[in-house]
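[1] After the sequence you'll find the predicted model.
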Amino acid sequence: MAPISIRTVLISESVDPRCRAILEENGIRVTEKQNMKKDELIAELKDYDGLVVRSATKVTADVINAADNLKIIGRAGTGVDNVDVDAATKKGIIVMNTPSGNTLSAAELTCALLMSLSRNVPQAVMSMKQGNWDRKKFMGSELYGKVLGIVGLGRIGKEVASRMQSFGMKTIGYDPITPVEVSASWGVEQMSLDQLWPQCDYITVHTPLMPSTVGLLNDETFAKCKKGVKVVNCARGGIIDEAALLRAVESGQCGGAGLDVFVEEPPKDRNLVDHPNVISCPHLGASTKEAQARCGQDIALQIVDMVKGKSLVGAVNANVLASTFSQESHQLIKLGEAIGAVLQSCTASQTPLSQVHVINQGETTGLTSLDG
Ligand SMILES: NC(=O)C1=CN([C@@H]2O[C@H](COP(=O)(O)OP(=O)(O)OC[C@H]3O[C@@H](n4cnc5c(N)ncnc54)[C@H](O)[C@@H]3O)[C@@H](O)[C@H]2O)C=CC1
Ligand SMILES: O=C(O)C(=O)COP(=O)(O)O
């Protein structure tokens, strides 16, 4: 892999100090500057080769196109929906994330919200602080024996499943990519969304935010759910349509919601946050010391390894890889793209394939990995 020169990095959010320390130990100059408005970010970024962000910095096409020296955008975390990856790719800028660093923390917060919803813990705490002793108002229900629908069976969905199974919940789910036998091996029975909605007492979503996941829960799908279903969104605002959710909690079709994320953060429209059956957090899924330490360290090491030409880990825009890898690797990258296109058409069908056998012909090149 051809080394990329990164001499200066701007960290625009609160990222674990390990990130700065590792970059500096490797001769990269680091500046930390938080809460910049778009114009300030554009002006500041002109001087940097790299940018490290979390979820609050909106790295839009305007920002990217104005950043003439930028070569890498590092996301200390999972979701890259705050980065215009297409604009970055067009400019040859690598976008990389650290997707497993905060998995356990996001899963644990999801479980905390599910438990809080079942026993009205936040509402009871508030009532106590107001000087009350109300044992009737906060009657809850057990999680034991209830059905949890998990939409999105990737890293976080899987961890949520195993934790909630320990409470005796039955876990069912849907994912267009994760094979049914794989999720079955960790106790999640997969089915179509239409089969899933009416069975669930609780639903939690763990997909990326993309056109196919916007409004997965909407007026129509809420209507297919059990009356009183409780929902959790620790993934991205908008996967559960916010207006439809408000209508559903107002009508009682939805019995409660636990929200860590919002379409607009912080949300200007407070109707959901203020509803008595909605409990919410200010995007705290990854806010643990452990998750931040992992993500801060991982993103710094990934940048350093890239600079040293050692490996390119965590890059999400494959097209850019083509320009950074050696000539021989180009053919493998093209092959990967072709296989990806075939797999995409397989998963687009109504009944996704659970297994694909690949048969190769011809001589091997000796290149077995795209890494390094
Ligand atoms: N609240 C927080 O602070 C945090 C939020 N997140 C968010 O959680 C979400 C999940 O993260 P991971 O589990 O790490 O991602 P992942 O990539 O491991 O899993 C996502 C899964 O969603 C599936 N999926 C895609 N389209 C789908 C659809 N239409 N229906 C059902 N499933 C679909 C994918 O096949 C994949 O298995 C992301 O949106 C991420 O940004 C992640 C960490 C912290
Ligand atoms: O990693 C993710 O996708 C998250 O949502 C975490 O966001 P944060 O790093 O806490 O701003």
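    Received, thanks. Ligands and ions are numbered 1, 2, ... in the order given.

[2] interface residues of the stretch 1-150 of the chain facing ligand 2?
    Proximity of the stretch 1-150 of the chain to ligand 2, by C-beta under 6 Å from any ligand atom, involves residues 54-56, 77-79, 102. Every C-beta, even on glycine, is put in place using the N, C-alpha and C of the backbone.

[3] can you do 8 Å?
    Applying C-beta under 8 Å from any ligand atom, we find that the stretch 1-150 of the chain lies next to ligand 2 at 13, 54-56, 75-79, 97, 99, 101-102, 106.

[4] Could you give the number of residues near the residue lying closest to residue 193 once chain neighbours are set aside?
    Spatially, and ignoring its direct neighbours in sequence, residue 193 is nearest to residue 174 (5.3 Å; C-beta to C-beta, 6 or more residues apart in numbering). Close neighbours of residue 174, defined as other C-beta atoms under 10 Å, add up to 24.

[5] now swap in residue 4 and tell me
    Neighbourhood size, residue 4 [other C-beta under 10 Å]: 18.

[6] got a list of what the residue in the stretch 101-250 of the chain positioned nearest to ligand 1 touches?
    The minimum distance from the stretch 101-250 of the chain to ligand 1, using C-beta to the nearest ligand atom, falls at residue 154 (1.8 Å). Applying C-beta atoms under 8 Å, 6 or more residues apart in numbering, we find residue 154 in contact with 175, 178, 206-207.

[7] Separate out the buried members of these.
    By neighbour count, with 16 or more other C-beta atoms under 10 Å, these hold 175, 178, 206-207 as buried.

[8] Keep only these that also lie close to ligand 1.
    175, 178, 206-207.

[9] now those as JSON lines including pLDDT and secondary structure?
    Below are those laid out as JSON lines (pLDDT from 0 to 100; DSSP: H, G, I helix; E, B strand; the rest coil):
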{"residue": "175", "pLDDT": "98", "secondary structure": "coil"}
{"residue": "178", "pLDDT": "98", "secondary structure": "coil"}
{"residue": "206", "pLDDT": "98", "secondary structure": "coil"}
{"residue": "207", "pLDDT": "98", "secondary structure": "coil"}
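
[10] How about the contacts made by the one residue sitting closest to the centre of the chain?
    Geometric centre of the chain, nearest residue: residue 79, 4.0 Å, by C-alpha atoms, centre = their mean. Taking C-beta under 8 Å, 6+ apart, we find residue 79 in contact with 55, 97, 208-209, 235-236.

[11] Look up the closest residue to residue 9, ignoring the ones flanking it.
    Spatial nearest neighbour of residue 9, chain neighbours left out: residue 50 (3.9 Å); criterion: C-beta to C-beta, 6+ apart.

[12] could you pull out the helices for the stretch 51-200 of the chain?
    For the stretch 51-200 of the chain, helices defined by DSSP state H, counting those that start in this stretch occupy the ranges 61-66, 85-90, 103-119, 121-129, 155-165, 180-185, 193-196.

[13] do the same with the stretch 251-372 of the chain
    Ranges of helices in the stretch 251-372 of the chain, per DSSP H, counting those that start in this stretch, are 271-274, 289-307, 318-324, 327-347.

[14] Identify the structural domains in this structure and state their residue ranges.
    8-101+288-324, 103-280, 326-355 (automatic domain parsing).

[15] Can you lay out those domains as JSON lines showing distance to residue 363?
    Formatted as JSON lines, the entries for those read as follows, by distance: least, C-beta to C-beta, whole Å:
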{"stretch": "domain 8-101+288-324", "distance to residue 363": "23"}
{"stretch": "domain 103-280", "distance to residue 363": "31"}
{"stretch": "domain 326-355", "distance to residue 363": "12"}
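
[16] And the ones you listed, which one averages the lowest pLDDT?
    When the domains of the chain are ranked by mean pLDDT, domain 326-355 comes last with a mean of 71.

[17] Could you count how many residues lie near residue 89?
    So residue 89, with other C-beta under 10 Å, has 18 neighbours.

[18] So residue 296 sits against residue 16, correct?
    Yes - taking contacts as C-beta atoms under 8 Å, residue 296 lies within contact range of residue 16: 2.9 Å.

[19] Between these two, which contacts overlap?
    Counting by C-beta under 8 Å, 6+ apart, the contacts common to residue 296 and residue 16 are residue 76.

[20] OK, contacts around the residue nearest to residue 193?
    Taking C-beta under 8 Å, 6+ apart as the test, what residue 174 contacts is 149-153, 190-193, 196.

[21] Outside of stretch 186-196 itself, list whatever touches it.
    Residues outside stretch 186-196 that contact it (C-beta under 8 Å, 6+ apart): 149-151, 153, 157-158, 161-162, 165, 171-175, 178, 180, 183-184, 216, 221, 224.

[22] So among these, which ones count as buried?
    Buried among the contacts of stretch 186-196 (16+ other C-beta under 10 Å): 149-151, 153, 157-158, 161, 171-175, 178, 180, 183, 216, 221.
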